[in-house]
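make a model of this:
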Amino acid sequence: MTLIFIRVFFLLLSIILGFQIGSFVQAGELDFGIIGAAIGFIAAVAIIIFEFMMRKVSVRGLSSAVFGLIFGLIMAKLVSDTLSLLKLDPTLLYSLRVVLTLIFCYLGMVIAVRGKDEFNIIVPYVKFSRQGQKDDLMILDTSVIIDGRIADICNVKFLEGKFVVPRFVLKELQQVADSSDSLKRARGRRGMDILAKLQKNTNIDIKIHNEDFNDIKEVDAKIIKLAKVLGAKVFTNDYNLNKIAEIQGVSVLNVNELANALRPVVLPGEALEIRLIKEGKEYNQGVGYLEDGTMVVVDNGRRSIGQNVHVIVGSVLQTAAGRMIFGKLPEGLKNNKR
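Numbers count the residues shown, from 1 in each chain. So this is what the prediction gives:
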């Protein structure tokens with residue numbers, strides 16, 4: 001609505017200005033005021049149409065081009081002043097100035113636009129904050145939004161900072177929600193609900209980032225690129241994205257690693273009580289799970305499947321997929337069915 005008001009206001013001002021300029025012209029019996037108003041109207045419409053055509057031009061790309069233009073003008077000025085020390089014909093020197101200005105401005109704008117992703121100092125990414133204060137930006141990927149645990153973490157005020165949801169992540173989330181597969185569709189809609197829940201949470205600041213990297217196809221690569229540009233961390237539970245980001249020097253917050261770190265410590269020799277629910281891979285093993293999902297493998301536990309048993313912890317194995325506990329039944333202990 002604001003843009004419509006600005007356009008209408010600009011159109012009216014153009015008509016009035018054209019009428020005023022036309023009124024100063026006195027030639028014959030023609031009313032140049034009306035002609036000027038018509039010219040003003042046509043010019044304003046043409047500018048508005050041109051503005052519509054520039055909707056896909058990003059502010060960051062435009063600011064990069066301006067930066068390159070200024071740099072090109074400075075370089076052209078330095079080279080031209082150097083050439084002016086030579087005894088050249090004034091007409092030739094003027095021509096060289098114009099040519100050098102054109103060349104350096106073009107090169108400066110092209111180079112700046114191509115490398116716009118590397119500029120952290122240009123207008124869209126300048127952060128105006130007090131000295132000593134720094135905004136911790138965290139980019140959310142699709143997996144961590146669908147996972148949903150981030151909402152609970154934010155509710156207990158465990159994290160501070162600003163969350164950034166890239167537009168291309170929203171697009172991917174929408175594609176999952178619109179999938180023909182019922183399971184994927186349910187996951188996508190859950191992600192949408194979680195995102196809406198995060199936006200309603202007054203304890204956090206979450207923003208939608210509109211910048212896209214059209215030259216990069218993979219969403220994970222786009223996330224890493226955006227994290228480098230913004231100096232942000234990546235919030236995910238995707239193992240592959242985690243490793244790729246770490247290799248490229250991007251800080252990662254992994255929900256699964258946080259969950260593993262918060263699991264109760266279990267030491268060899270301690271006793272646990274679990275319910276065995278299935279057979280293990282090895283002969284005569286039984287398998288059960290703790291409340292946090294940790295797998296417990298019990299030697300000679302096959303005969304107790306379907307029962308609650310007491311287990312003595314033998315060893316704990318930490319893997320990339322999670323934690324596994326290996327134990328055995330106490331000798332001479334009778335396990336009661338429940």
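
all strands of the chain, in order?
137-140, 162-166, 205-209, 233-236, 252-254, 271-279, 286-289, 295-299, 308-319, 322-328 (DSSP state E).

which among the ones you listed is found nearest to residue 194?
strand 137-140 (9.7 Å; C-beta to C-beta). No exception for glycine: its C-beta is placed from N, CA and C like everyone else's.

contact partners of that closest one?
With contacts defined as C-beta atoms under 8 Å, 6 or more residues apart in numbering, strand 137-140 is touched by 150, 159, 161-166, 169, 209, 223, 226-227, 230-236, 253.

okay, now the sheet partners of it, with direction.
In the sheet, strand 137-140 lines up against strand 162-166 (parallel), strand 233-236 (parallel) (DSSP bridges).

any stretches of this structure with poor pLDDT?
For the chain, the stretches with pLDDT under 70 are 1, 26-31, 56-60, 115-135, 319-322, 332-338.

how does it divide into domains?
2-116, 131-260, 271-328 (automatic domain parsing).

how about TSV for the ones you listed, with mean neighbour count added?
Formatted as TSV, those follow (neighbours: other C-beta atoms under 10 Å):
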stretch	mean neighbour count
domain 2-116	14
domain 131-260	17
domain 271-328	16
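
looking at it, residue 253 is touching residue 238, isn't it?
No: Residue 253 is beyond contact range of residue 238, at 11.8 Å (criterion: C-beta atoms under 8 Å).

ok, back up a step: now distance to residue 54 too, for the strands paired with strand 137-140, in TSV please.
Shown next, in TSV, are those (distance: least, C-beta to C-beta, whole Å):
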stretch	distance to residue 54
strand 162-166	22
strand 233-236	32
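
out of those, nearest to residue 39?
Nearest of the strands paired with strand 137-140 (C-beta to C-beta): strand 162-166, 44.3 Å.

pull the distance from the closest one to the chain's centre.
Its chain's C-alpha centre and that of strand 162-166 lie 6 Å apart, by C-alpha atoms, centre = their mean, to the nearest Å.

got it, and stretch 99-110?
33 Å.

now swap in stretch 77-91 and tell me
So, by C-alpha atoms, centre = their mean, the centroid of stretch 77-91 is 48 Å from its chain's centroid.

check stretch 257-271 too.
The answer for stretch 257-271 is 33 Å, by C-alpha atoms, centre = their mean.

start to end distance for it?
End-to-end distance for stretch 257-271: 25 Å, by C-alpha to C-alpha, to the nearest Å.

how far away is residue 193 from residue 63?
Distance, residue 193 to residue 63, using C-beta to C-beta, to the nearest Å: 36 Å.

likewise for residue 23?
Residue 23 is 40 Å from residue 63, by C-beta to C-beta.

OK, contacts around residue 288?
Contacts of residue 288 by C-beta under 8 Å, 6+ apart are 274-277, 295-296, 298, 301, 309, 311.

redo the residues you listed as TSV? Include distance to residue 139.
Shown next, in TSV, are the contacts of residue 288 (distance: C-beta to C-beta, whole Å):
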residue	distance to residue 139
274	38
275	40
276	42
277	39
295	32
296	36
298	42
301	44
309	45
311	42
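
and the furthest pair within these?
Of all the pairs that the contacts of residue 288 form, the one spanning the most space (C-beta to C-beta) is 295 and 309, at 14.9 Å.

any idea how far residue 52 lies from residue 34?
From residue 52 over to residue 34 (counting by C-beta to C-beta), the distance is 27 Å.

please read the previous query as pertaining to residue 70.
Distance from residue 70 to residue 34, by C-beta to C-beta: 42 Å.

mind listing what residue 195 touches?
145, 165, 170, 173.

out of those residues, flag the one nearest to residue 248.
Closest to residue 248 out of the contacts of residue 195 is residue 165 (20.8 Å), distances taken as C-beta to C-beta.

and the closest one, what does it touch?
Contacts of residue 165 (C-beta under 8 Å, 6+ apart): 139-140, 145, 195, 206-209.

in CSV: those residues, plus distance to residue 154.
Output for those, formatted as CSV (distance: C-beta to C-beta, whole Å):
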residue, distance to residue 154
139, 15
140, 11
145, 12
195, 12
206, 9
207, 14
208, 17
209, 18
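
out of those residues, who's nearest residue 88?
residue 209 (51.2 Å).

okay, and the beta partners of that closest one?
Under the criterion used (DSSP bridges), residue 209 bridges to residue 166.
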